[in-house]
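Peer 1: show me how the following folds:
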Amino acid sequence: MCGRFALTQTEKEVRELLGYLEHEDFPARYNIAPTQPILVVISGDRPERGSNLPDRRALLVRWGFTPAWVKDPKEFPLLINARAETAIGKASFRAAMRHRRILIPASGFYEWRRPSKENGEKSQAYWIRPKRGGVIAFAGLMETWSSADGSEIDTGAILTTSANRTMRPIHDRMPVVIKPEDFTRWLDCKTQEPREVQDLMVPVQEDFFEAIPVSDRVNKVANMGPELQTPVVVDPSIKPSKEPDAGGGQLSLF
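Peer 2: Now for the predicted structure:
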């Protein structure tokens, strides 16, 4: 799954990759956590006259997906991730997969290697970033939830897939990364049905990411500085946990 990520590039750098109409500037964020606002890019109504940018716009949504049919969000689990393998058929995500696919810009994400309980080891946090650096785009879903009094809140989730061989020693899931050449097809909910973009929801190539061990300071939401991504030395005597079965637990929502 993906429970924390970062977006540290400038608004200009993000906009140049994702090609949306200008958005207000935003600060670097090194520890984005569930329930916080996240920047997402959606397909717009139409391009601005005279603009050579694609038909896209950016907005902020709450990270934590709430289906439109939920009556009380307090009684519904916080859906920060959606499994790509089952999202098309899941009641929670079916409508969003068809009508509200989004891109979520990121500089990378954090993941924890959870050792087996019997060996008494501590969890190890990793900062996982693209080897080439820069901004990437996670596949995501969006839903607008309306309360009984008419107030609305935009919510979103990150789509995940089975981990590739590089990621598997750390965790059995990873975010779906959409390549720039596929942005338009992914966001096009008018002509591209979910089954027609299913080929995009696969693990990224093996050499795309690098995993850097970092301190457990990222565990605390209050820690928000660049020091969270400072590498630490991992005890060489600690072996990575056994590679989990990437196909296990497929009935889980996450």
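Peer 1: need the contact list for the nearest residue to residue 176 once chain neighbours are set aside.
Peer 2: Residue nearest to residue 176 in three dimensions, not counting chain neighbours: residue 139, with 4.0 Å by CB to CB, 6 or more residues apart in numbering. In short, each C-beta sits where N, CA and C put it, glycine included. Contacts for residue 139 were tallied using CB atoms under 8 Å, 6 or more residues apart in numbering; they are 84, 101-104, 158-159, 175-178, 186, 200-201.
Peer 1: repeat the analysis, applying 7 Å as the threshold.
Peer 2: 159, 176, 178, 186, 200, 201 (CB atoms under 7 Å, 6 or more residues apart in numbering).
Peer 1: OK, contacts around residue 163?
Peer 2: Contacts of residue 163 by CB under 7 Å, 6+ apart are 171, 172, 173, 174, 203, 246.
Peer 1: need the residues you listed in a markdown table with neighbour count, distance to residue 80 and pLDDT, can you?
Peer 2: Formatted as a markdown table, those follow (neighbours: other CB atoms under 10 Å; distance: CB to CB, whole Å; pLDDT from 0 to 100):
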| residue | neighbour count | distance to residue 80 | pLDDT |
| --- | --- | --- | --- |
| 171 | 20 | 15 | 96 |
| 172 | 18 | 17 | 96 |
| 173 | 22 | 12 | 97 |
| 174 | 26 | 14 | 98 |
| 203 | 22 | 19 | 97 |
| 246 | 18 | 20 | 33 |
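Peer 1: could I get those as TSV with secondary structure and distance to residue 126?
Peer 2: TSV is the format used below for these (DSSP: H, G, I helix; E, B strand; the rest coil; distance: CB to CB, whole Å):
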residue	secondary structure	distance to residue 126
171	coil	9
172	coil	14
173	strand	14
174	strand	11
203	coil	17
246	coil	18
